[in-house]
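> Provided below for reference: sequence and predicted model.
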Amino acid sequence: MDSVEYHGKRYVLVALVAVGGNDFMISVQDNVAEVQERIASAAVKSGRQPEDVTLVAVTKTVPPEKIQEALAAGIRHIGENRVQEAVAKAKEMKPGATWHLIGHLQRNKAKLAIQTFDMIHSLDSIRLAKALQKRAEEYDKTIKCLVQVNVTGETTKYGVSPDRLMSLLKKVSLLERLNVRGLMTIAPYTDNPELLRPVFRRLRELAREAEKLKLPGVNMTELSMGMSGDFEIAIEEGATMVRVGTAIFGARSRSETK
């Protein structure tokens with residue numbers, strides 16, 4: 001082991017090595033506490049209570065042991081982007097967590113989604129709605145859903161366009177196994193979250209318009225919007241659910257994001 005002499009004393013040199021591309025000694029517990037404090041501050045700033053906002057911990061590519069750390073730190077809601085990844089992880093988790101599908105859902109994965117998730121954030125077409133209805137009937141379940149809205153019209157994002165949202169909600173309201181609880185959106189990436197206020201505000205306005213329709217099986221209790229870089233702005237604009245991954249578990253490596 002290398003050493004160095006300094007002022008007549010010899011010191012051992014210790015090398016600290018970062019593993020897996022993440023920051024050294026990331027504390028999931030500390031990160032959860034910090035995020036919860038930020039949520040509470042943003043909620044109070046917007047005239048609401050901290051408990052009015054649900055923190056969904058995004059666990060894409062996060063190993064089960066790290067998820068267990070988050071659960072031990074008080075996390076109760078887990079968000080996964082991919083159905084099959086969630087299925088594998090759920091088998092290793094203790095029961096009690098609420099599972100959210102926050103990524104795009106293909107119709108051929110509807111059966112697994114119904115079996116695995118408590119809420120689906122990414123309903124975006126009547127064809128998907130009918131596939132979920134069919135599988136929910138088979139398992140005698142009612143599934144909570146959020147309708148994903150592509151507020152900005154980005155071609156790289158999924159979601160129904162704002163001008164087609166009301167039509168979709170009317171059709172989905174006829175499917176008795178689907179319980180629409182609100183809307184979800186994914187804001188564009190920007191270094192300045194303040195620029196995203198109009199996006200979040202637009203989703204809130206759409207929810208108010210939808211409430212006026214008074215459709216059966218449709219209410220606008222939840223607004224799922226805001227992620228690690230912008231969740232405080234989203235809360236100030238009305239978010240009731242925020243989807244936070246990086247701020248809890250650290251940045252994923254490039255190979256993991258592909």
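Received, thanks.

> which residues sit in contact with the closest residue to K89 other than its chain neighbours?
With sequence-adjacent residues excluded and distances taken as CB to CB, 6 or more residues apart in numbering, K89 is closest to P64, at 5.6 Å. Placement of C-beta: from N, CA and C, glycine included. Under the criterion of CB atoms under 8 Å, 6 or more residues apart in numbering, the contact partners of P64 comprise K89, E92, M93.

> From the residues you listed, pick the one nearest V83.
K89 (11.0 Å; CB to CB).

> residue boundaries of the strands in the stretch 101-250 of the chain?
Along the stretch 101-250 of the chain, counting by DSSP state E, counting those that start in this stretch, strands occupy 119-123, 143-148, 178-184, 218-224, 241-244.

> so which of the ones you listed comes closest to E232?
strand 241-244 (8.6 Å).

> Of the contacts of P64, which is the most crowded?
Top of the contacts of P64 by neighbour number is K89, holding 18 neighbours under the definition other CB atoms under 10 Å.

> re earlier: separation between the residue nearest to K89 and I78?
P64 is 11 Å from I78, where distance means CB to CB, to the nearest Å.

> anything in contact with each of those two?
M93.

> pLDDT wise, what is D52 at?
The model reports D52 with a pLDDT of 97.

> what do you get for G96?
According to the predicted model, the pLDDT of G96 comes to 89.

> Number of residues surrounding the residue lying closest to G74 once chain neighbours are set aside?
The shortest distance from G74 to any non-neighbouring residue, by CB to CB, 6+ apart, is to V32 (6.1 Å). Burial measure for V32: 23 neighbouring residues, criterion other CB under 10 Å.

> Name the SS class of V32, please.
helix (DSSP: H, G, I helix; E, B strand; the rest coil).

> how about it, what does it touch?
With contacts defined as CB under 8 Å, 6+ apart, V32 is in contact with A57, A70, A73, G74, I75, I248.

> need the contact list for S46.
I235, E236, E237, G238.

> how close does it get to I39?
Relative to I39, and taking CB to CB, S46 is found at 11 Å.

> Need the overlap of contacts for these two.
Overlap between the neighbourhoods of S46 and I39 consists of I235, taking contacts as CB under 8 Å, 6+ apart.

> Just the buried positions in stretch 27-40, please.
When burial is assessed from 16 or more other CB atoms under 10 Å, stretch 27-40 yields the following buried residues: V28, N31, V32, V35, Q36, R38, I39, A40.

> tell me the helices in the stretch 101-250 of the chain, going along the chain?
All helices of the stretch 101-250 of the chain, identified by DSSP state H, counting those that start in this stretch, fall at 110-116, 126-138, 162-172, 197-213, 231-236, 246-249.

> most neighbours per residue, which of the ones you listed?
When these are scored by mean count of other CB atoms under 10 Å, the highest mean neighbour count falls to helix 231-236 (a mean of 24).
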